[in-house]
Structures are given as structure tokens and as C-alpha cells.
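**Q** Sharing a model prediction with you, sequence too.
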Amino acid sequence: MSSEARFLFLGCSTSVGVPVIGCDCAVCTSGDPRNARTRSSAYLAGPFGNILIDSGPDLHQQALRENLRTIDAVIYTHGHVDHVAGFDELRAFCWQRDSPLPLYGSAQTHDILRQMFPWAFVPEGTASGYVKADLREFSEPFEINGLKIIPIEVIHGKVLTHGFRFEWQGRAIAYFPDVKAIPEEGMKLLTNLDILIIDALRPEPHQTHLSIAEAQEIVEILKPKQTYFTHMSHELDWATTDQALPAHIHLAYDGLELSF
């Protein structure tokens, strides 16, 4: 078995998706498939298993598009609707499981899941064919079959939000889809990255997300080998924006796969 791990972008958009409903801008009407963005989510696969990061509202579409067959665990960044609303789609990944599906997240995120999907957390267990959840709260680094995962708390509105550093076979990749700022203690955990994936919503500043320029400032401090911007609005055309970025920074797009 290959020891290589892969990181797959399932979705790279902000909360409303791209195209935006009712919008006729150049990006929303573009014929470039890289401008068609579903809600932010990702998939990690390797000898450690198959791990979903967030279950957004487009999970059904994303799973069919990428032919996803197995999910061994889900890791949640936070409880905003665009990151959890596809929870019910997890049923399809539980049908052939004998054990409950591990759902890693903060206590606050688990509380939101319980409120939104109470049927999955009844004491007597869920009915056959539905999600059987095994809530696993994180507050410290943890491992899934040898994959080291370091949760890093970030500033993103009023909801407790995490990004993650993943370490495998001496390589490190970090994923921060929703972030306005990374506290100093978090920045210290992000040195020597092979790949940084980070929020870059639009050119103009935003209250709860990084702009392109703000994301670039973080990149220049951390100096990862490669960087990919994600969680992008319809204000960013893929081709023109990517071309204007430094050679070590690129825009992600739905379906892009990275090895690490």
C-alpha cells in the first residue's frame, strides 16, 4: 500500500456558492469550470483512512462528482450552516458500517449538531439506515490511524472555529477555510508547512474572513512551500486572479487534488 496521502478539495466557495442565485456577473456566468464553486469542504485519504472535513449543504453533489464511497470519520471546523447542513447525507456512508461514525469537533460544534439533527443523538440509538454518530470532542492534538491532527483555534465571527494542521510521514498540510485572524499561539504551530490552504474571500476586507491581501500577509509570515486560497466569493475570477498571484500561491478549485 502506498504511504502517500491525498487532499481533495470538494468545495471552495463561500456560504452562498458560486454561481450566486440571481447573479449575472462575469464569474457567475463564466464557462470556466474552476469558477463553479460548491460550499467549502475537503477529503483526506491515505493509509490512515478516508476523512471528510465538514459536511456542507453540497455534500451529495460533491460525493457523486468525486465518486466518494467511504468515510471513516468527519472532522468539523465549526457549526455554521454552510459547514454542517449536509449532515443527513452521511447516511449513505453509514449503511455498510457496523460501528458509529466518529464525528470530531469542539463541544460547541457538537451542541449545534445535536440541536440541528436531534434524531441522530437519541439515547436509544437511531433507526436502521440513519446516521449513527460517535461524537469525539477535541481540545488537544489527536491521531487517526497515525495521522496527527492539531486543532488550531482561529478568529471567525462569534462561533468557535478551528483550522487544522495535519502531519503524515514527515510532511505537513494546514487547512483554514474560515478565518479572519490566527492568534499568535496558533501561528507558532504553523511553521515548516509543505502546503497551506487558507481563506481568501475577496479583494475587499470583510468582517469575518480574510481578504486576498490579508491572506498573503499570513503567507509571507509562515512561508509554506505552497499555498492555495479557498472559501472564495464570486468576486474572484479564477484565471485572472490566479495569474496575478505570486508563483507559490494559487487559487484552489473544486476537484483539485494535492499529494502530501
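**A** Here it is on my side, so go on. Residues are numbered from 1 along each chain as shown.
**Q** Could you list the low-confidence segments of the protein?
**A** 1-2, 123-129 (pLDDT under 70).
**Q** 90 - rerun?
**A** 1-4, 95-99, 119-132, 139, 157, 260 (pLDDT under 90).
**Q** distance of D32 from I249?
**A** 19 Å (C-beta to C-beta, to the nearest Å). In this view, the C-beta of every residue, glycine as well, is placed from N, C-alpha and C.
**Q** Have a look at the two and say which one is more surrounded.
**A** I249 (21 against 11; other C-beta atoms under 10 Å).
**Q** wait, the more buried one sits on T227?
**A** Yes: using C-beta atoms under 8 Å, I249 is in contact with T227, at 4.6 Å.
**Q** which residues sit in contact with T230?
**A** Residues in contact with T230 (C-beta atoms under 8 Å, 6 or more residues apart in numbering) are 9, 12, 40, 177, 197-200, 252.
**Q** Next: Y175.
**A** Taking C-beta under 8 Å, 6+ apart, one finds 7, 42, 53, 163-164, 166, 197 in contact with Y175.
**Q** Can you say which helix or strand has it in it?
**A** strand 171-176 (DSSP states H and E).
**Q** So which bits of that strand are buried?
**A** For strand 171-176, the neighbour count (16 or more other C-beta atoms under 10 Å) marks 171-176 as buried.
**Q** repeat for stretch 64-77
**A** Buried residues in stretch 64-77 (16+ other C-beta under 10 Å): 68, 71-77.
**Q** Export those residues as TSV, with columns for secondary structure.
**A** Compiled in TSV, the buried residues of stretch 64-77 are given as follows (DSSP: H, G, I helix; E, B strand; the rest coil):
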residue	secondary structure
L68	coil
I71	coil
D72	coil
A73	strand
V74	strand
I75	strand
Y76	coil
T77	coil
